[in-house]
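Chemist: Show me how the following folds:
(chains A and B)
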Amino acid sequence: MVEAHTISHLKELNLWFLLSLRDSAMRDIDVACAEFGVTREFAKFVVDLPISQVQRVANTDKVIFKPSIDAEALAALALLPDSNRRAFAAIAGA
Amino acid sequence: MTVKKHAIVLDQATMARVTELCRLGARPPVIYALFPDFPKDLVVDMWVIHQGKRPPKGPLPSDLNSYMLGSHRRLQSSFILKTFSDLRNAGSHDVDAIIAAHRLYLETFKDHAELNPLFSVERTWVLIREFISVRSIALVRCPCCHAQYVHKAYEFVNHRLCPMYKLIPHTDDILQKAINPNRVEDSSVDRKGSTANYTMNEIAMPTGKSSSVNPFTYADAFA
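Modeler: Presented below is the predicted three-dimensional model:
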């Protein structure tokens, strides 16, 4: 059984993801697509979604996005120096 | 009332793209190649307005080796191509993808102590053209760290060229290495024995959309 505080964290994760994506896509939708690994339609939809709907969507007891890198790339990130992590995460993305 | 015979309707999106390319410093030949129907004298005028000087003359960069000399250059060119490729797959317009990839590239590497941005927007364009149009460059995936990096197309893949090769201990079991970095590996999976270090028995094939039409044309952009 999933504990209540875990569900609360998942909702927060969803909300932060959607709000960060929305904020980034409002400034530059192409850069947001590259940074968040979403399609243009997805980013555009999140921008157009009213904030009340964003909260409703985020209020789901399941993580609604998935990591863009696999376990091997995650392991490589753990072993890399700080300065190269961002560039590596970009070239290791799915 | 007479209408000019060769009048061209310049839409707002095209103007915005040309303006952004001028701001980034793309020389007129690059803009002509991307927008063949755009008035050439207008490109020069816009370039002067945004850069405050006449565009420099001379040939465009063409040497492919400059993208692959050393791990720093290979990392930067891999970053540009991977970002462009992701943006294209995400449904971005090709020119927007070039602009966004170059801007992200500058932003990622500008504060880097060792890896200052080495490529101008012209070099970014040449790299992307070689990748999707000429298809002389391929992105191959390292079997160890799973990074995708630039490789000359139609050559045997050599994973020693992975830009992360010197930074990450390339072993067959990178997951265990991350969990326990101090673990001493046995001889069967050490650096020399690791399959990740071998020249793989495969040829780097160009990827991306196969198209007989040059993707960098104004007409295609609105198809």
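
Chemist: Quick check: A:P81 touching B:L167?
Modeler: Yes. If you go by Cβ atoms under 8 Å, A:P81 and B:L167 touch, sitting 6.6 Å apart. (Each C-beta comes from the backbone N, C-alpha and C, glycine too.)

Chemist: Tell me which of those two has more neighbours.
Modeler: Neighbour count, other Cβ atoms under 10 Å in any protein chain shown: between A:P81 and B:L167, B:L167 has more, with 18 against 9.

Chemist: I'm curious whether the longest helix seen in chain B, anywhere along its length, sits up against chain A.
Modeler: The residue-count maximum for a helix in chain B (DSSP state H) belongs to helix B:70-89. Yes. Contact of helix B:70-89 with chain A (Cβ under 8 Å from any Cβ of the partner chain) involves B:75-76, B:78-79, B:82-83, B:86-87, B:89.

Chemist: ok, the helix or strand just after that helix near chain A or not?
Modeler: Sequence-wise, the next helix or strand downstream of helix B:70-89 (DSSP states H and E) is helix B:94-109. Yes. For helix B:94-109, a contact with chain A is found by Cβ under 8 Å from any Cβ, at B:96-97, B:99-101, B:103-104, B:108-109.

Chemist: So which bits of chain A are right by chain B?
Modeler: Of all the residues in chain A, those in contact range of chain B (Cβ under 8 Å from any Cβ) are A:28, A:30-31, A:33-35, A:37-41, A:69-76, A:78-81, A:83-84, A:86-88, A:90-93.

Chemist: Write the PyMOL selection for whichever of the residues of helix B:70-89 next to chain A are buried.
Modeler: Here is the PyMOL command that selects the buried residues among the residues of helix B:70-89 next to chain A (16 or more other Cβ atoms under 10 Å in any protein chain shown):
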select buried, chain B and resi 75+76+78+79+82+83+86+87
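
Chemist: Can you tell me, leaving aside adjacent residues, what's nearest to B:I128?
Modeler: Of all residues not flanking B:I128 in the chain, B:F84 sits nearest, at 5.4 Å (Cβ to Cβ, 6 or more residues apart in numbering or on different chains).

Chemist: Can you give me the pLDDT of that neighbour?
Modeler: For B:F84, the pLDDT comes out at 95.

Chemist: At which residues are the helices of chain A located?
Modeler: Counting by DSSP H, the helices of chain A are A:4-27, A:29-36, A:40-48, A:51-58, A:71-79, A:85-91.

Chemist: Would you mind pulling the contact partners of the shortest one?
Modeler: Meaning helix A:85-91. For helix A:85-91, contacts defined as Cβ atoms under 8 Å, 6 or more residues apart in numbering or on different chains pick out A:34, A:68-69, A:73, A:76-77, A:80, B:75-76, B:78-79, B:82-83, B:104, B:108-109, B:115, B:145, B:147-149, B:163-164.
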